[in-house]
Structure formats: structure tokens, C-alpha cells
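Participant: my questions concern the predicted model and sequence given below.
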Amino acid sequence: MTTTPRKFDSEIRISENGEWIFRGQLVTQENILSFFKKNIKEDEHGIYITNSYGTLTEHGYLETKCIFLKVTNYDIIENEIYLTTEDDTNLPISNFLFYSDKNEKIFCARKSDKFIKFNFNRQVHSYLSNFLIEDNGNYFLEINETKIPIIPSEISTVVKIPEAYTK
């Protein structure tokens, strides 16, 4: 039997500098932050943390003012680069879109996502910089003779709580 998840405002806010705040209190416990990040999902309304216990599932929507997840590792499998993210996905680089913000900082998003975006940890950033090329003012990652565009973007990193779940 499938039950419809309970959906609500989780009361979690992520500040411009990436601090996780629950009901006005800073969340600093790494095990809790890790649980949140590994259970991040999105739907057409926004970003939520999914939690299940027994047959019950809940989706607690959160508000964010920054890119709060990172690509934490890379692997090379059968001559293709795979990116591992804090929410425990491991996908080929071809499953991501790459962007640069107004400060020319590079970030990415899975092609399947609208709201969730990723920065890179130092190791991955350093590795990917080996593939960075510029061609007539446009930037690309050139990997195995394939050019992956880095799209200049004004994409907002702000994601609000869906109105249906605000108090």
C-alpha cells in the first residue's frame, strides 16, 4: 500500500553563506546535516527533505538563499567521468549542465533538476579545471573531444517554501 507523503514547511532555512537554520537555531551537528543532504529531493514546487518511518513518509520543504550542495568526488569509469554529490548520487558528467554566475564562478545542476544546484569541493574543482577551455569568449569543459558548454547564467539560487505549505 502506498501512502501519500505528508508535506509541510520544515522550518529549515539555508542562509546566503550556507548556514542551516532550524526554527532560528544554527544546525551544526555533522550527522544531522549529512542526513539532510542525503535526503534532499525536489519536485515541481521546490526542494524538500524526505523522511520515512514505517509506512509513513514526509516531505519537509526548505528555503535556501544559496547553492548548498557540493560535488564531492569524481571517478573515471570506462573512460567517462562520474560526479558524486553530497546527496549520494553518482552520475556521468554528461547528466549535468554547467553554468557560470555573474562572478564567473562555475556550478552545475543535474539535467533532471530545476532547483537543486551544486558547487564543487576543491579536489573536484581542481580536477575539472584541467578540462577548461575558452573559445571566442565562451567557456567549455573539453573531455574526450566533447565540448560541454559552461553557460553564463542569471539563474537564481533562492528557492522559497511553496505557498501551499507556508503558515
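Facilitator: Okay, I see it.

Participant: give the contact list for Leu141.
Facilitator: The contact partners of Leu141, by CB atoms under 8 Å, 6 or more residues apart in numbering, come to Ile93, Phe98, Leu128, Phe131, Leu132, Ile133, Lys147, Ile148, Ile150. Where C-beta positions appear, they are placed from N, C-alpha and C, glycine not excepted.

Participant: at 7 Å what do you get?
Facilitator: Taking CB atoms under 7 Å, 6 or more residues apart in numbering as the contact definition, Leu141 lies against Phe98, Leu128, Phe131, Leu132, Ile148, Ile150.

Participant: keep only those of these that are in strands.
Facilitator: Per DSSP state E, strands hold the following members of the contacts of Leu141: Phe98, Leu132, Ile148, Ile150.

Participant: filter those residues down to the buried ones and hand me the PyMOL line.
Facilitator: Applying 16 or more other CB atoms under 10 Å to the ones in strands among the contacts of Leu141 leaves a buried subset, and the PyMOL line that selects it is:
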select buried, resi 98+148+150
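
Participant: in TSV: the ones in strands among the contacts of Leu141, plus pLDDT.
Facilitator: Putting the ones in strands among the contacts of Leu141 into TSV (pLDDT from 0 to 100) gives the following:
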residue	pLDDT
Phe98	97
Leu132	97
Ile148	97
Ile150	97
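
Participant: mind putting the ones in strands among the contacts of Leu141 into a markdown table with distance to Ile32?
Facilitator: What follows is those, written out as a markdown table (distance: CB to CB, whole Å):
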| residue | distance to Ile32 |
| --- | --- |
| Phe98 | 30 |
| Leu132 | 35 |
| Ile148 | 35 |
| Ile150 | 34 |
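
Participant: let me know the closest of the ones in strands among the contacts of Leu141 to Asn31.
Facilitator: Comparing the ones in strands among the contacts of Leu141 against Asn31 with CB to CB picks out Phe98 as the nearest, at 31.2 Å.

Participant: do I have it right that that closest one meets Ile148?
Facilitator: Yes - taking contacts as CB atoms under 7 Å, Phe98 lies within contact range of Ile148: 6.0 Å.
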